[in-house]
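K.L.:
I'll drop the sequence and a predicted model, then ask my questions.
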Amino acid sequence: MAVRLTSVLLGVVALHCTLPCAAELYRVVDQNGKPVADAAVHFDDRQPATGSDLHTIAQIDKEFVPRFSLIRAGTVVDFPNQDRSRHHVYSFSSAKSFELELYHGETSEPVRFPDAGIVTLGCNVHDWMIGWIYVVSGTPVGLTDERGYIEIPAIDAPESLSIWHPHALAPMTVLMQPDSANRTLSLNMQETVLLPERPATTHTRRRRSVRSE
């Protein structure tokens, strides 16, 4: 039974790894030992393959899907609106500033992200819609799963590895050693995170007003 569970776990985590090679299972946790999901992991020194990548961040049910993205510099991102409502996607981030004016039922212009950095996404129509793109100049590994696990390619020489999360106090850089016994990486996270709340539906608001009267 233990072998079967391990195989399932490895299969799930492998979906997050963008490097098809021999890999070792690691876990990212916070300062309290709790798993950190959606932490972006990438090699600093490795140079990615040449060419242009394509990535999609859709608007579904008035949310960015996926909410967290890890891409290499030069990637072109498409922002299809799959909702019935209009969206006005924007970013004022120094790594990439852009606006996609109100659109619905049509394809917006794809956006290229040539420079490394952190890009925070928003929507001028729906204030609670927030997403993050981590653009790296090195080689992306992937995002940790909901348990904090990720497969990191095995190395034969020391390599610099960075880990980032929008709620981390700061990015973490680790000098990875071949055949290291340490499989847990600790990332200092904010204790309290304040984000815009999605408003209740009209039906819910009505029920609440009735109860308060």
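P.N.:
Yes, it's here.
K.L.:
wait, doesn't A37 sit right on T144?
P.N.:
Yes. If you go by CB atoms under 8 Å, A37 and T144 touch, sitting 5.8 Å apart. For every residue, glycine as well, the C-beta is placed using N, CA and C.
K.L.:
of those two, who's got more company?
P.N.:
Between A37 and T144, counting by other CB atoms under 10 Å, T144 is the more crowded of the two (27 against 15).
K.L.:
Tell me the spacing between the more buried one and S137.
P.N.:
Separation of T144 from S137 (CB to CB, to the nearest Å) stands at 21 Å.
K.L.:
List the residues that contact the most centrally placed residue in the chain.
P.N.:
The centroid of the chain falls nearest to F68 when counting by CA atoms, centre = their mean (2.5 Å). The neighbours of F68, taking CB atoms under 8 Å, 6 or more residues apart in numbering as the test, are 38, 40, 131-132, 134, 143, 166.
K.L.:
Any idea what it is bridged to?
P.N.:
W132 (DSSP bridges).
K.L.:
how far away is it from K96?
P.N.:
16 Å.
K.L.:
May I ask you to confirm that H87 is in contact with H104?
P.N.:
Yes. In this structure H87 lies within contact range of H104 using CB under 8 Å: 7.2 Å.
K.L.:
Out of the contacts of F68, which comes closest to A23?
P.N.:
Nearest to A23 among the contacts of F68 is L143, at 14.4 Å by CB to CB.
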